[in-house]
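**Q** Below is the sequence, then the predicted model.
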Amino acid sequence: MSTTEQKFWSKVDCSDDCWIWYGTIRAGYGQVRQNYKLIPAHRYSYELIHGPVPDGMELDHICRTKACVHPLHLEIVTHKENMLRHFRMGIYCSNGHEYTHENTKWYRSYRICCKCHEIWMNSDGRKHGRPFRKAIQ
């Protein structure tokens, strides 16, 4: 394993179903430096295991967790399919709470379950700097 790979995996928590990236984050997605260039951490992880993503295609997080770098949670799709999936997201959060008008807040382009956010706000996870999604699952 190369030094770059060792450094990459040292910033990944593989203890759960989703492998969460704890390095640099931009717009919710992990970022890793490769050959002096920042690339998405999930793309780096996918390409380590499966090889390059074809031109004109992109990776979709089927788990819907942007910071996840688990190669099995990523699928190659067209940009159009990725956008359709994004807007077709389920009516329940990952913890089973329904997204209703009363239970949904929007932060930038992120949909937030109010019940989960309340649980996180009252948890020890917030005090210890754990990310919102990781703390409530």
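**A** Okay, I see it. Numbers count the residues shown, from 1 in each chain.

**Q** quick check: mean pLDDT across stretch 107-117?
**A** The average pLDDT within stretch 107-117 is 82.

**Q** Would you mark the buried spots in stretch 70-79?
**A** Of all the residues in stretch 70-79, those buried under the rule 16 or more other C-beta atoms under 10 Å are 70, 73-74, 77. Just so you know, the C-beta spots here come from the backbone N, C-alpha and C atoms, and that holds for glycine as well.

**Q** Could you report the pLDDT at the residue lying farthest from the centre of the chain?
**A** Distance to the chain centre peaks in the chain at Glu102, reaching 24.9 Å (criterion: C-alpha atoms, centre = their mean). At Glu102, the pLDDT value in this model is 87.

**Q** The residue lying closest to it once chain neighbours are set aside: neighbour count?
**A** Once flanking residues are discounted, Glu102 sits nearest to Cys114: 7.4 Å by C-beta to C-beta, 6 or more residues apart in numbering. The number of residues packed near Cys114 is 15, by other C-beta atoms under 10 Å.

**Q** Could you give me the buried positions within the longest strand along the chain?
**A** For the chain, the strand with the greatest residue count under DSSP state E is strand 29-34. For strand 29-34, the neighbour count (16+ other C-beta under 10 Å) marks 29-30, 32 as buried.

**Q** Could you list the low-confidence segments of the protein?
**A** 1, 87-90, 124-137 (pLDDT under 70).

**Q** all helices for it, in order.
**A** With helices called from DSSP state H, the chain shows them at 3-9, 41-50, 79-87, 114-121, 124-127, 132-136.

**Q** out of those helices, nearest to Cys18?
**A** helix 132-136 (8.4 Å; C-beta to C-beta).
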